[in-house]
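S.K.: For reference, the sequence and a predicted model appear below.
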Amino acid sequence: MENNRNNRIDDLLGSLDNVQRATAPDFFYTRLKSRMEKELVAEPRKSWALRPVYILGVLLVVLAVNAAIIFTGSSSETTPSDSETMQSIASEYRINSNLTYEINE
Amino acid sequence: MTELELIQGLRNGDENAFRFLVTTYQDRIFNTSLGIVQNSEDAEDVAQEVFIQVYKSIHSFKAESKLSTWMYRIATTRSLDLLRSRKSKKRSGLIQRLFGDGNEPLYEIPDFHHPGVTLDRKENAAKLFKAIAQLPDNQKIAFTLHKLEDLSYQEVSETMKTSIAAVESLMHRAKLNLRKILEKEQG
């Protein structure tokens, strides 16, 4: 019984011995060429500007410009407005103008 | 045409070289893919993808291995990719069935009959192919390349970028696993 079963499994395992190679379908080359023509024509050419390295570079430049504007803008604009505010507060409360000078320093 | 001339021709965009490549290797690539994906249309699709990739990547091919080895490697990788996408489709089909209206049938792989098998072995071979489909990927590749494509252990090891001893081990485990699966199927 066990022998029969083993023989049956051996038959199954040996069923691919000396198998012939399957051949590609007819007109394989023609179909391949037609697919390639479709795919290669339809495939959009990637512009160099769309490469990640260029995109990242542009982003970094934009960020740097933004940062420069923020920093230079804040240092030039806040000083006079801050001192004006201080002066108006000082005059309103009649505080000595030296205090404003000290704060600004 | 020597392999070197063929590679040079492909790099120069020579259509005759490409036609020669396809007619020389189409059966080997198709047969390899067919053994793995077990469906004629899918195997043709994979074989086409292999030649398209060769056409596109020939400039980066360093010729450290034979052209055929490189192509077998692409064919096995692409075939496994297709099996994975088939599995994920099957999984999403199951989810659809669980949450959908339940009428969609699950995609089942029918019995596969390899055209190179003789009529008297057809039924047994179909059972063996069903068992091969259940093998782990690397055992499946080693078994298919050796049994179906008749590659030597040396050639299989070059294709799989491994040692001959590793291929021997893969084949041994593949045979043991197939025996187990078939015994279970036989009851």
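M.R.: Sure thing, it's come through.

S.K.: pLDDT weak spots in chain B?
M.R.: B:92-109 (pLDDT under 70).

S.K.: residue boundaries of the helices in it?
M.R.: Along chain B, the stretches classed as helices by DSSP state H are B:3-11, B:15-37, B:40-57, B:67-99, B:122-132, B:137-143, B:153-159, B:164-186.

S.K.: export those helices to CSV and tack on distance to chain A?
M.R.: C-beta coordinates here come from the backbone N, C-alpha and C atoms, glycine included. Formatted as CSV, these follow (distance: least, Cβ to the nearest Cβ, whole Å):
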stretch, distance to chain A
helix B:3-11, 13
helix B:15-37, 4
helix B:40-57, 5
helix B:67-99, 12
helix B:122-132, 4
helix B:137-143, 9
helix B:153-159, 15
helix B:164-186, 5
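
S.K.: Minimum distance to A:Y29: which of those has it?
M.R.: With Cβ to Cβ as the criterion, A:Y29 lies closest to helix B:15-37 of the helices of chain B, at 5.1 Å.

S.K.: How far does that closest one sit from its chain's centre?
M.R.: 12 Å (Cα atoms, centre = their mean, to the nearest Å).

S.K.: name the helices or strands packed onto it?
M.R.: helix A:28-42, helix B:3-11, helix B:40-57, helix B:67-99 (3 or more Cβ pairs under 8 Å, 6 or more residues apart in numbering or on different chains; DSSP states H and E).

S.K.: Buried ones in that helix, by neighbour count?
M.R.: Across helix B:15-37, burial judged by 16 or more other Cβ atoms under 10 Å in any protein chain shown covers B:17-18, B:20-22, B:25-37.

S.K.: Please apply the same query to stretch B:168-176.
M.R.: B:170-171, B:173-174.

S.K.: Contacts only, for the residue positioned nearest the centre of chain A.
M.R.: Nearest residue to the geometric centre of chain A (Cα atoms, centre = their mean): A:P52, 7.2 Å. By Cβ atoms under 8 Å, 6 or more residues apart in numbering or on different chains, the contact set of A:P52 is empty.

S.K.: Excluding sequence neighbours, find me the nearest residue to B:L80.
M.R.: B:D137 (5.6 Å; Cβ to Cβ, 6 or more residues apart in numbering or on different chains).

S.K.: Leaving out the residues flanking it, which one is nearest to residue 9?
M.R.: Just so you know, I chose chain A. B:L182 (5.2 Å).

S.K.: wrong chain, I was asking about chain B
M.R.: Once flanking residues are discounted, B:G9 sits nearest to B:A17: 2.8 Å by Cβ to Cβ, 6+ apart.

S.K.: pretty sure B:A125 contacts A:V19?
M.R.: Yes. B:A125 is within contact range of A:V19, at 7.5 Å (criterion: Cβ atoms under 8 Å).

S.K.: shared neighbours of those two, which are they?
M.R.: Joint contacts of B:A125 and A:V19 (Cβ under 8 Å, 6+ apart) are B:114, B:117.

S.K.: of those two, who's got more company?
M.R.: B:A125 (24 against 20; other Cβ atoms under 10 Å in any protein chain shown).

S.K.: residue contacts, that one?
M.R.: A:15-16, A:19, B:113-114, B:117.

S.K.: Give me the buried subset of these.
M.R.: A:15-16, A:19, B:114, B:117.

S.K.: So of these, which two are at opposite extremes in space?
M.R.: A:S15 and B:H114 (9.7 Å).

S.K.: okay if I get the contacts of B:A125 as a markdown table plus distance to B:Q53?
M.R.: A markdown table is the format used below for the contacts of B:A125 (distance: Cβ to Cβ, whole Å):
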| residue | distance to B:Q53 |
| --- | --- |
| A:S15 | 32 |
| A:L16 | 28 |
| A:V19 | 27 |
| B:H113 | 28 |
| B:H114 | 25 |
| B:V117 | 29 |
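
S.K.: from those residues, which single one is nearest A:F28?
M.R.: Taking Cβ to Cβ as the measure, A:F28 lies nearest B:H114 of the contacts of B:A125, at 17.6 Å.
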